[in-house]
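> Pasting the sequence and the predicted model now:
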Amino acid sequence: MAFINEFFANLAGLGKYLMVPLMIAIIGILFKVNVNKAIKGGITVGIGLFGLDLALSIVSDYLGPVANGLVTKANLNLDVVDVGWQALSGIAFGTEIGAMIIPVMILFNAIMLAIGATRTMNVDIWNFWHYALTGSLVYFVTNNFLYGLLAAIAHAAIILLFADRTASRVQEVTGIPGISIPHGGVLDQWIFGFIMEPIYNFIGKRFRNDKKTKIDNGQGKKLQENAIFKIIQDPIYLGFILGTVLGFIAGQGAKTSFTTGMAMAAFLYLTPRMVKILMEGLLPINQAVQKMRSKMDGNSDLYIGMDNAVGLGHNTVMLITVIAIPILIVLAAIVPGNRVIPIASLAACGYCSSMLNVVHKGKFGRTLFSTTILFISTLLIASYMAPVITEVAILSGFETEYALISSLSGGTLIAAAPFFLAFRFSNTVGLIFSLIIIVGTIVLQRIYFKKRDQQEETKEVKQV
Amino acid sequence: MKTIIIACGSGIATSTMISANVEEILNDANIAHEIIQCSIPEIESYESRADLIISTSQLQREYSVPSVVGIGFITGKDSEEAKKEILEILS
């Protein structure tokens, strides 16, 4: 145990700019990627990390002071800058846990498949950053690498459980056959959605007939074409307007306020491009994993794990993607205890509703209401976790003097918080909590699949 | 020279993977090309100079150029059909 911890402490001593590219190159070679491509991939990931830090420096240089002004001059308790899931993913991949997460998760998934505890083959290696974040937070609080990995694995286990059990519903709503969504950031949406759905059903039955809950194509289209919504959906305008307005609210002069607008537009425009570079570096490994998968395609029973973005194209979600922007801004201003200024996540509101929409089977009113309630809890948890996220970011090399950072999108913070809290309470509690989730998932899933297979067999016998 | 828009939810993750597949197909078929990667709402701003749109989900509106759903390249199902469709449109 001590040996492993020491090894990773040494590895981390290299700093993320060396550690992560090195790991990515080694993993690539292990997955039989052409050596040239593997090394280039590693370096590309390093470039992405540099790029992301450059983009993030805008936050501490320009947005941090404005956030301070909001507190001191405007008496608003908003001192946390929302950097969005894109930045969060880069931070998570930049830690020791992040460097190891890809092989660990592929191995864990393979074991789960082999022992019949899941039918989902999660090849979406990009989204392993969610587990890396959970692991990094736990590693941060315990200083123990293995605890971090264990928490990451427990997070992944519960996600596989939900992915398997929601697969048919996902396929029905998205219209894509053979998939499931083992996405680390949608745990909150599953749990919350399945709590609310029976309540809605009850209310629906009692008080009104539930006919006109699905929206037609036209409504979504009209709103998408609306000039105002077109503008606020565009990160360039959104950033500029929001930054400028915040500058003025924070009591800055015209020049500083407009500069803040420019800075925010730059931040929103640059961050996704930097993350894309990171993604390009991971591509060779991703393709190698896909090839391995296609060899196993004989088993048609497997679900292919996808990003929750596959749910974004649904009419209801497209509509909420725009409506949610003003809702989130208003909530941030009025929810007591919130400290986060929504910025980078505003453009990603669709992600926060895409699986709620699956649970509510495309019903607009239900999805919107659930999304709104979920936003409130997200604001509070993102506020609460901000100091820790900032610490982890600083440890992985991000320099900040002014700004506290956090993220409203990504959904991972809600899933990561229980593990973080358990381990912070005590190592034993965290350990037991994680193990219960892993073992519980395995047991429940094996029973579930056994039952399902038996049912299918009896069905077949009857048909014969 | 053919210009192809490849669009997904954020213009970051899924579209990068589809791009890699499409790149391979077009290189094999010797079709000179330029790929523009973007999010679905951004399609419009590139539409006028494109020959084809490949998206991750069924598009909710009509564009002036033909479109293909490319999710098969990720799931592995129906990817041959999508490939055929793409080559047909571009040749």
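Here it is on my side, so go on.

> Give me the phi and psi angles of B:I36.
Per-residue torsions, B:I36: phi -110, psi 120 (degrees, to the nearest 10).

> from memory it sits against B:A50, does it?
Yes. B:I36 is within contact range of B:A50, at 7.0 Å (criterion: CB atoms under 8 Å). Using the backbone N, CA and C atoms, a C-beta is placed for each residue, glycine as well.

> Any chance you could list residues touching both of the two?
Counting by CB atoms under 8 Å, 6 or more residues apart in numbering or on different chains, the contacts common to B:I36 and B:A50 are B:3-5.

> For A:V66, state which of these is nearest.
B:I5 (35.8 Å; CB to CB).

> Assign a three-state SS to that closest one, would you?
Following DSSP: H, G, I helix; E, B strand; the rest coil, we place B:I5 in the strand state.

> ok, what's across the strand from it?
B:I36, B:I53 (DSSP bridges).

> count of residues packed around it?
27 (other CB atoms under 10 Å in any protein chain shown).

> surely it meets B:Y46?
Yes. Using CB under 8 Å, B:I5 is in contact with B:Y46, at 5.3 Å.

> just checking, what packs against the worst-scoring helix or strand of chain B on mean pLDDT?
Ranked by mean pLDDT, DSSP states H and E, the helix or strand of chain B with the weakest confidence is helix B:72-75, at a mean of 80. Packing partners of helix B:72-75 (3 or more CB pairs under 8 Å, 6 or more residues apart in numbering or on different chains; DSSP states H and E): helix B:13-28, helix B:79-90.

> Now do stretch A:435-450: distance to the chain's middle.
Relative to its chain's centre, stretch A:435-450 lies at 24 Å (CA atoms, centre = their mean, to the nearest Å).

> Give the buried residues for that stretch.
A:437-438, A:441-442, A:445, A:449 (16 or more other CB atoms under 10 Å in any protein chain shown).

> what do you get for stretch A:386-405?
Neighbour-count burial for stretch A:386-405 flags A:386, A:388-390, A:392-393, A:395-396, A:398, A:400, A:402-405 (criterion: 16+ other CB under 10 Å).

> tell me the average confidence for that stretch?
What stretch A:386-405 shows for mean pLDDT is 81.

> show me what contacts B:T16?
A:276, A:279-280, A:283, B:37.

> ok, for the most centrally placed residue in chain B, nearest residue in space, not its chain neighbours?
Closest to where the C-alpha atoms of chain B average out (CA atoms, centre = their mean) is B:I54, at 2.4 Å. In this structure, B:I54 finds its nearest non-sequential neighbour in B:G70, 4.2 Å apart by CB to CB, 6 or more residues apart in numbering or on different chains.

> ok, now A:A67?
Closest residue to A:A67 in three dimensions, ignoring its sequence neighbours and counting by CB to CB, 6+ apart: A:D79, at 5.1 Å.

> so who does the residue nearest to the centre of chain B touch?
Listed by CB under 8 Å, 6+ apart, the contact partners of B:I54 are B:4-7, B:18, B:22, B:67-70, B:82, B:86.

> Which pair of the contacts of B:T16 spans the longest distance?
Distances among these were taken as CB to CB; the most separated pair is A:L283 and B:Q37, at 12.3 Å.

> Counting neighbours, what do you get for residue 53?
The chain I'm using is chain A. 21.

> My question was about chain B, not that one.
Using other CB under 10 Å, B:I53 is surrounded by 25 other residues.

> what does A:E456 give?
Around A:E456 sit 10 other residues, with neighbours defined as other CB under 10 Å.

> now do the one 3 residues further on
A:K459 is flanked by 10 other residues according to other CB under 10 Å.

> Now do the same for it: helix, strand or coil?
Under three-state DSSP, A:K459 falls in the helix class.

> For A:D453, see how far away it is.
For A:K459, the distance to A:D453 equals 11 Å [CB to CB, to the nearest Å].

> A:I91 now?
Counting by CB to CB - A:I91 and A:D453 are separated by 42 Å.

> And the residue in the stretch 1-150 of chain A positioned nearest to chain B, how far from B:S91?
Residue of the stretch 1-150 of chain A nearest chain B, by CB to the nearest CB: A:W126 (5.0 Å). A:W126 sits 32 Å away from B:S91, going by CB to CB.

> Just want to know which of those two has more residues nearby.
More neighbours surround A:W126 than the other of A:W126 and B:S91, with 22 against 8 (other CB under 10 Å).

> Can you tell me, leaving aside adjacent residues, what's nearest to the more buried one?
In this structure, A:W126 finds its nearest non-sequential neighbour in B:A13, 5.0 Å apart by CB to CB, 6+ apart.

> give me every residue that touches the one you found.
Per CB under 8 Å, 6+ apart, neighbours of B:A13: A:126-127, A:279, A:307, A:309.

> The residues you listed in helices, which ones?
Mapping these onto helices (DSSP state H) picks out A:M279.

> Let's have the contacts of B:A13 in TSV, adding distance to A:A324 and pLDDT.
Listed next are those as TSV, based on distance: CB to CB, whole Å; pLDDT from 0 to 100:
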residue	distance to A:A324	pLDDT
A:W126	24	81
A:N127	21	87
A:M279	25	83
A:D307	19	83
A:A309	16	78
